[in-house]
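S.K.: Give me the fold of what follows.
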Amino acid sequence: AALRTAGGAALGGRLASEIGRELGRLEIVLEQLAEVEAERDAIAAGKAEACHPQGEKIRQLTMLKAIGPETATVLVGEAFWRPFANRRQLGAYAGLDPSPFASGSSDRDQGIAKSGNARLRTLMVELAWMWLRYQPDSALSRWFRERVGDLKGRPRRIAVVALARKLLVALWRYLETGEVPDGAILKAA
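M.R.: The predicted structure follows:
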């Protein structure tokens, strides 16, 4: 079908060929994206032909309900590819550690530091919301509900960031020791 303007008139030759080239580029990008996604899914499924240096960690994470192949791949690529000495180091790397303010008699918390890996921090907050939805009976979800209850708005958003930090530490322990987070459900094989 010929490209037309909103008024129904045919596009000029130069504009039509320019749009055609852009559509060709888009098709190439979509094909490449499909290849990358297929490779990612093969790694998460544990296919023998798909090798990845951190493939086992990706597979372990995808075994947990609420974590899909994309989330697991990004988590491993952003955080779990390197060793951490303790949970504080991990929280600081993600920028999910508290930022206290102490001056004279004033002593309060200013929220999270936000000095770490922004992509990881964003992913963990999104994953925390997913965790609440798909792992409602886990200890972390119960902890959140006990703290927040029926509150809405800012207190809920603050608590979900705390949940994100706790979840990051729980996932790190799961990968390091094999200890499944309390009450977490594994996907059916």
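
S.K.: what stretches of the chain score poorly on pLDDT?
M.R.: 1, 48-50, 100-102, 107-111, 113, 189 (pLDDT under 70).

S.K.: Next, name the residue at the spatial heart of it.
M.R.: residue 123 (3.1 Å; CA atoms, centre = their mean).

S.K.: what's the spacing between that one and residue 179?
M.R.: Separation of residue 123 from residue 179 (CB to CB, to the nearest Å) stands at 22 Å. Every residue, glycine included, has its C-beta placed from N, CA and C.

S.K.: Residue 13 now?
M.R.: Taken as CB to CB, the span from residue 13 to residue 179 is 65 Å.

S.K.: need the strands for this structure, in chain order.
M.R.: For the chain, the strands defined by DSSP state E cover 98-103, 106-112.

S.K.: what comes up buried for the lengthiest helix in the chain?
M.R.: Ranked by residue count under DSSP state H, the longest helix found in the chain is helix 13-45. If you call a residue buried by 16 or more other CB atoms under 10 Å, then helix 13-45 has these buried ones: 40-44.

S.K.: on contacts alone, who are the packing partners of it?
M.R.: For helix 13-45, the packing partners by 3 or more CB pairs under 8 Å, 6 or more residues apart in numbering; DSSP states H and E come out as helix 55-62, helix 69-75.

S.K.: could you redo those as CSV and give each row mean neighbour count and distance to residue 161?
M.R.: As requested, the helices and strands packed on helix 13-45 are arranged in CSV below (neighbours: other CB atoms under 10 Å; distance: least, CB to CB, whole Å):
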stretch, mean neighbour count, distance to residue 161
helix 55-62, 20, 21
helix 69-75, 20, 17
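
S.K.: Distance to residue 143 added to those helices, as a markdown table?
M.R.: A markdown table is the format used below for the helices and strands packed on helix 13-45 (distance: least, CB to CB, whole Å):
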| stretch | distance to residue 143 |
| --- | --- |
| helix 55-62 | 21 |
| helix 69-75 | 21 |
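
S.K.: Pull the contacting residues for residue 9.
M.R.: Going by CB atoms under 8 Å, 6 or more residues apart in numbering, residue 9 touches no other residue.

S.K.: For it, grab phi and psi.
M.R.: phi -80, psi 150 (degrees, to the nearest 10).

S.K.: Can you tell me which of the buried residues of helix 13-45 lies closest to residue 148?
M.R.: Nearest to residue 148, judged by CB to CB, of the buried residues of helix 13-45 is residue 44 at 31.8 Å.
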